[in-house]
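Asks: Next input, structure requested:
(one chain, ligands or ions: 2)
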Amino acid sequence: MEEPGTVYFTGTAGAGKTTLVRAVADWMRTHGYDATVVNLDPGVEDGGLEADVDVREWVRLADVQDEYGLGPNGAQVASADLIALKVFEVKAAIAELKTDYVLIDTPGQIELFAFREASKAIVDALSGDRSVVAYLYDPALARTAGGFVALRMLAATVEFRFRLPMVQLLSKSDVLAPERLDEVVGWASDAQALYAAVTQETATPDVQLSTELLHALEAMSPLTELLPVSATEGSGLERVYQACQRVFAGGEDLEPSHAPTTEER
Ligand SMILES: Nc1nc2c(ncn2[C@@H]2O[C@H](COP(=O)(O)OP(=O)(O)OP(=O)(O)O)[C@@H](O)[C@H]2O)c(=O)[nH]1
Ligand SMILES: [Mg+2]
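Replies: Ligands and ions are numbered 1, 2, ... in the order given. Predicted coordinates:
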């Protein structure tokens, strides 16, 4: 059996990861694909996500806080270490489900997730050859050029840390007016438009720095497509699937051989 396609959903706190994982899983299941949802967030509240494999079975943030007398962030760091020790049990639980796609919800504190060695070890252990990071741009931040650049830098950091291919998504696209949505999506592929917006927004002394940063980012990881998606409206979900599928197929837009074609659906 072919190795499942694994998608890590990541992004800043509250970017919409958990809601999107659920929406993509529902979309896949109603379109005939077999998806397994994995919760890697030891601190998620009950009712947040019904996961097929839930890391809280092994490590719970509240228990770690109590046991080690830690605050929420310290407990997240300790939890990542504890999860890393159990990661092969988590991997076995996922493998047992023999699924086509594994959708992984990651902890909200992205800097704790992306910067810690334990998280890198967890991602390395769970990732096969067919893995991708779905990085969410929260429109609350991405709607300004400065916020957009900051999120691009974070995306580059995540890419640099995990060394996995990435698809970039503009989550909660329903909250932006159509003109603003077009503008933000345009910044991803039109460097000149982004420079112009940054220049317009930023006070003079910072323009040089912002433009230098943009040049560095372009050199590091070229601007790619930003795909708008709304989990609450159910729009853009097929695009997310297709973008991940392109990565799994090595750049080609191939469907899994047993999955129904668009005409069959
Ligand atoms: N309008 C709109 N709101 C959304 C959408 N997706 C999520 N939200 C809202 O955004 C908030 C955060 O959503 P979550 O899915 O919990 O975000 P998260 O990234 O998992 O949050 P943490 O795990 O706490 O970092 C909730 O109030 C959701 O209802 C969307 O597509 N559109
Ligand atoms: Mg969440």
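
Asks: Return the residues in contact with Glu89.
Replies: Residues near Glu89 by C-beta atoms under 8 Å, 6 or more residues apart in numbering: Trp58. The C-beta positions use only the backbone N, C-alpha and C, and glycine is treated the same way.

Asks: Name the helix or strand for it, please.
Replies: With elements taken from DSSP states H and E, the one containing Glu89 is helix 72-96.

Asks: What separation do you get for the residue in the stretch 1-150 of the chain that ligand 2 sits nearest to and ligand 1?
Replies: Residue of the stretch 1-150 of the chain nearest ligand 2, by C-beta to the ion: Thr18 (3.3 Å). According to C-beta to the nearest ligand atom, to the nearest Å, Thr18 stands 3 Å off from ligand 1.

Asks: quick one: that residue from Pro165, how far?
Replies: Distance from Thr18 to Pro165, counting by C-beta to C-beta, to the nearest Å: 22 Å.

Asks: who in the chain is up against ligand 2?
Replies: Contact residues, the chain versus ligand 2 (C-beta under 5 Å from the ion): Lys17, Thr18.

Asks: Tell me where the model's unsure across the chain.
Replies: For the chain, the stretches flagged by pLDDT under 70 are 1, 47-49, 202-210, 221-223, 251-265.

Asks: State the number of residues packed around Glu218.
Replies: Per other C-beta atoms under 10 Å, the neighbour tally for Glu218 reads 13.

Asks: again, but for Val38
Replies: 27.

Asks: check contacts around it.
Replies: Taking C-beta under 8 Å, 6+ apart as the criterion, Val38 is in contact with Ala51, Asp52, Val53, Asp54, Val55, Val90, Ile94, Val102, Leu103, Ile104, Asp105.

Asks: Test my guess that the last one contacts Thr36.
Replies: No. Contact status for Asp105 versus Thr36: not in contact, 11.6 Å apart, counting by C-beta atoms under 8 Å.

Asks: Tell me what the residue lying closest to Ser127 once chain neighbours are set aside is bridged to.
Replies: Once flanking residues are discounted, Ser127 sits nearest to Thr6: 5.9 Å by C-beta to C-beta, 6 or more residues apart in numbering. When assigned by DSSP bridges, Thr6 has beta-bridge partners Val102, Ser131.

Asks: three-state assignment of Tyr8?
Replies: strand (DSSP: H, G, I helix; E, B strand; the rest coil).

Asks: Lys120 is in contact with that one, correct?
Replies: No. Using C-beta under 8 Å, Tyr8 makes no contact with Lys120, being 11.9 Å away.

Asks: Tell me which of those two has more neighbours.
Replies: Between Tyr8 and Lys120, counted using other C-beta under 10 Å, Tyr8 has the larger neighbour count: 27 against 17.

Asks: burial of Gly32, as a residue count?
Replies: The burial count for Gly32: 14, using other C-beta under 10 Å.

Asks: And it, how far from Thr99?
Replies: Gly32 is 13 Å from Thr99, where distance means C-beta to C-beta.
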